[in-house]
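Visitor: pasting the sequence and the predicted model now:
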Amino acid sequence: MEADSAVYKTLLESTRAIPWKIDWKTMQFSYIGPQIESVLGWSADSWISAQDWAERIHEEDRENVVNFCISQSRDGIDHEADYRALTSDGGYVWIRDVVHVVRNEQGEVEALIGFMFDISERKKTEARLIDMQRELEALSFKDGLTGVANRRMFDSVMELEWENARRNKRPLALIMVDIDYFKQYNDCYGHIQGDHCLQRVAKALASAATRSRDFCARFGGEEFMLVLPETDEGSAAKVAERCRSLIFKEQIAHAQSQVSQILTISMGVGAIIPAAGDDISSFIDGVDRCLYRAKLRGRNCIASED
C-alpha cells in the first residue's frame, strides 16, 4: 500500500494540475502539490490553512469566491471557481479551482479535495476574442448586407481559435453552409428579394450559434461559416441540423428549387484537434469538399468526412 501511495503521489505531482486537500473541521491543508510554487511562487509548506488560500486571492475576486466556495462546500456540493490568484512577486495568475466534497458515513462534510489549474492562456484568449468582437462592431469586420461578420473577421477568428485549439489540444469544428439553387432564386425573385433572403438566412444561422465563442460569418456570396470551438464532429452535426431546422421554419418560398418549394441549405461539417503539422487551409478545404459532397447527394443535407 505504501508503494502504491508513492506511485500515486508521483503521478499527481508530475501533472500540470495542482492537487490539494483541506480538512473541513480544522480548515488546514493536509496536502498541496509542489507544482504550486512554479505557478504562484509560494512554497507548498506556506499553505497552512484555508486563510492562506483566501488571502492569496485577488482582492477584487476574494469575497465572492470565498463566500461561494464556503456555501457550496457546506452544502456538500462539488463546484468550480475561477479567480485571480496572487503570486509571491505581486502579480496574479488566473486559476480554476475544481473542488470535490468528501463526506463521512454520517453524511457530514469531512474534507475538500481538488485541483487548481492555470487558465491564464484561456483567459487571454477570451479577452482577445472579446476585443475582436468589439472591433466587429466598431471597424470593418461586419458584412454590410447581412449584419453578421465578414470574410476578414472569419479569417482572424478562425486563426485565433485554431491556435487556441492546438495549444490546448481541444477540438475545433467548422460548418460551411451554402444556399441551394440561390442563382435560380435571384433569377426568379430578383436581386433585391435575394438580398432580403440572405439577411434572413444570416439571422437564422447566427441564432444557431448559441455559445459565447460560437461564431457565424458570411464567407462570400451565398456561403456562410460557423466556427465552433471545443466542439467535436458529432456535436457540430447537431448544430448543423439546428441550422437546417431554423431555415425550414423561415418558410422562404423558392419556386425554382429542384429539391423543395421552400428555400433549403446544404452543409459540410468537419472537426479537428489541430497538431503541430496540421494546416488550417487544408482543414477548411476538407470542409469545403464535404459541402460539395452534400450537393452531389442532392442538396438539402449535411455531409462530413467519411
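Guide: Sure thing, it's come through.
Visitor: and Ile77, what is it in contact with?
Guide: Going by CB atoms under 8 Å, 6 or more residues apart in numbering, Ile77 touches Val101. For every residue, glycine as well, the C-beta is placed using N, CA and C.
Visitor: and the gap between it and Asn64?
Guide: Remark: distance between Ile77 and Asn64 (CB to CB, to the nearest Å) = 16 Å.
Visitor: ok, which stretches of this structure are helices?
Guide: For the chain, applying DSSP state H gives helices covering 2-13, 35-40, 50-55, 59-74, 120-138, 151-168, 182-189, 191-208, 233-250, 280-296.
Visitor: so what secondary structure elements neighbour the longest one?
Guide: Helix 120-138 is packed against strand 92-103, helix 151-168, with contacts defined by 3 or more CB pairs under 8 Å, 6 or more residues apart in numbering; DSSP states H and E.
Visitor: now do the buried residues in the last one.
Guide: Right, the one you point to is helix 151-168. Buried residues in helix 151-168, counted by 16 or more other CB atoms under 10 Å: 153-158, 160-162, 164-166.
Visitor: thinking again about what came up before, make a markdown table out of the helices and strands packed on helix 120-138 and add mean pLDDT and distance to Glu126.
Guide: A markdown table is the format used below for the helices and strands packed on helix 120-138 (pLDDT from 0 to 100; distance: least, CB to CB, whole Å):
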| stretch | mean pLDDT | distance to Glu126 |
| --- | --- | --- |
| strand 92-103 | 95 | 10 |
| helix 151-168 | 94 | 9 |
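Visitor: could I get these as CSV with distance to Arg84?
Guide: As requested, the helices and strands packed on helix 120-138 are exported to CSV (distance: least, CB to CB, whole Å):
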stretch, distance to Arg84
strand 92-103, 4
helix 151-168, 20
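Visitor: how much space between the nearest residue to Trp53 once chain neighbours are set aside and Ser88?
Guide: Ranked by CB to CB, 6 or more residues apart in numbering and with sequence neighbours excluded, the top spatial neighbour of Trp53 is Trp47, at 6.9 Å. Distance from Trp47 to Ser88, counting by CB to CB: 12 Å.
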